[in-house]
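>>> coords please:
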Amino acid sequence: METPSSTLLQLGWKPFFSRQLSGEDWQQCQPVRVMSVHRGMVSVAGEAFDDSIPSSLSESKGPEDRPTVGDWVLMDRESRRIVRILDRTSLFKRPAPSDDRRLQLIAANVDTLFIVTSCNQDFNVARIERYLVLAREVRVRPVVVLTKADLAPEPEQFVEAARALQAELQVEMINGRDPASVAPLAAWCGVGETVALVGSSGVGKSTLVNSLTGSDRIATQAVRESDGKGLHTTTVREMHRLGSGAEGGGWLVDTPGIRELSMSEVPVGVAEVFEDVTARALECRFTNCGHADEPGCAIRAAIAEGVLTPARVERWRKLASEDVVNTGFAAVRRARMAGTRKRR
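The predicted structure follows:
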């Protein structure tokens, strides 16, 4: 088995990927990383290679068997076609906004998730919890990044609200236009590290990308004063190099603003983000307790004691229910794919 080059290590190559390659794989194929995804094509980078190649695979085994940004793929050295996608350390996905029966892949092999929200009307506890659920489900470290702190009269209240969502949650408050203010985020952006950026439109993601990469290549737009919202300025998921110098830093995956974020196949994430609620639910007298009028309900008792708030319990109930429904759709989708492959 070959030793990965410094180029691969800078791109985020890890022993996890090396263990998936045989000596024959190294001879016939070249590992490259997907930098961006376009219709029918993907931009990839590897050792002495940086180009666009067809995104199709010779054989698809399921809805996740297609390349997305951050993926490592094996490319045939002669044909420059993708032979296979290497197993992922993590994968962010969701039901497509227009069709819950289709799956949309967001980013793969991410180490840290920057959950970006601003210190204004955009700050939404329920939305942050949704992102936290996604991060916990795929075992990616979440960091809540509060932007536009310079525009808020009392930005500390947003920090306290975010930290209250989960024990030991990392929260950073920044001014995205000030490199010195953004500097603490470098702790998660070292060489070979991959960070994904998520958040709704207008929270300053593009400004933050520009500050982290030291450029102004990403266009930014003003936010409407009426509701604090903005327009999408990022239209494609792609990876940006962080830092400067010969080796540079890690990689940042910028994603288009996501206004609709459905939960699917995230039971572990829901349980961990709402650990205080799920722990109480286990104390209910009946295992099928609906937490309404049933006797011996520990959830209602915790609300009465002031340990839990009705709002948090309701958000937990909504996400858990949504996950059950969408997970059912996912099972149908997989069954349909399996039936299609058998008919072939």
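
>>> from what I can see V144 touches E172, true?
Yes - at 7.2 Å, V144 counts as touching E172 under the criterion of Cβ atoms under 8 Å. For glycine as for every other residue, the C-beta is placed from the backbone atoms N, C-alpha and C.

>>> more crowded one of the two?
V144 (25 against 19; other Cβ atoms under 10 Å).

>>> got a list of what the more buried one touches?
115, 117, 128, 162, 169-172 (Cβ atoms under 8 Å, 6 or more residues apart in numbering).

>>> go with 7 Å
115, 128, 162, 169, 171 (Cβ atoms under 7 Å, 6 or more residues apart in numbering).

>>> go on, R315?
126, 129.

>>> And D71, how close does it get to S43?
Distance of D71 to S43, computed by Cβ to Cβ, to the nearest Å: 12 Å.

>>> Compare those two (neighbour count), which wins?
Neighbours were tallied for D71 and for S43 using other Cβ under 10 Å; the higher tally belongs to D71 (23 against 20).

>>> does that one really touch V34, like I thought?
Yes - counting by Cβ atoms under 7 Å, D71 does reach V34; the two are 4.4 Å apart.

>>> now the helices for the stretch 1-150 of the chain?
6-11, 15-18, 23-28, 125-137 (DSSP state H, counting those that start in this stretch).

>>> out of these, nearest to G269?
With distances scored as Cβ to Cβ, the stretch of these nearest to G269 is helix 125-137 (3.3 Å).

>>> Now do that closest one: which elements does it pack against?
In terms of contacts (3 or more Cβ pairs under 7 Å, 6 or more residues apart in numbering; DSSP states H and E), helix 125-137 is packed against strand 112-118, strand 141-147, helix 267-273, helix 310-343.

>>> which stretch among those comes nearest N210?
Minimum separation from N210 across the helices and strands packed on helix 125-137 (Cβ to Cβ) falls at strand 141-147, 12.3 Å.

>>> what angle separates the closest one from strand 112-118?
Strand 141-147 runs at 20 degrees relative to strand 112-118, counting by axes from the mean of the first three to the mean of the last three Cα atoms, to 10 degrees.

>>> ok, and for strand 141-147, which residues are buried?
In terms of neighbour count (16 or more other Cβ atoms under 10 Å), strand 141-147 has its buried residues at 142-147.

>>> want to throw these into JSON lines with pLDDT and distance to P295?
Output for the buried residues of strand 141-147, formatted as JSON lines (pLDDT from 0 to 100; distance: Cβ to Cβ, whole Å):
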{"residue": "P142", "pLDDT": "96", "distance to P295": "37"}
{"residue": "V143", "pLDDT": "97", "distance to P295": "42"}
{"residue": "V144", "pLDDT": "97", "distance to P295": "39"}
{"residue": "V145", "pLDDT": "96", "distance to P295": "44"}
{"residue": "L146", "pLDDT": "95", "distance to P295": "43"}
{"residue": "T147", "pLDDT": "92", "distance to P295": "47"}
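
>>> Out of those, which is nearest to V277?
V277 has its nearest neighbour among those in P142, at 18.3 Å by Cβ to Cβ.
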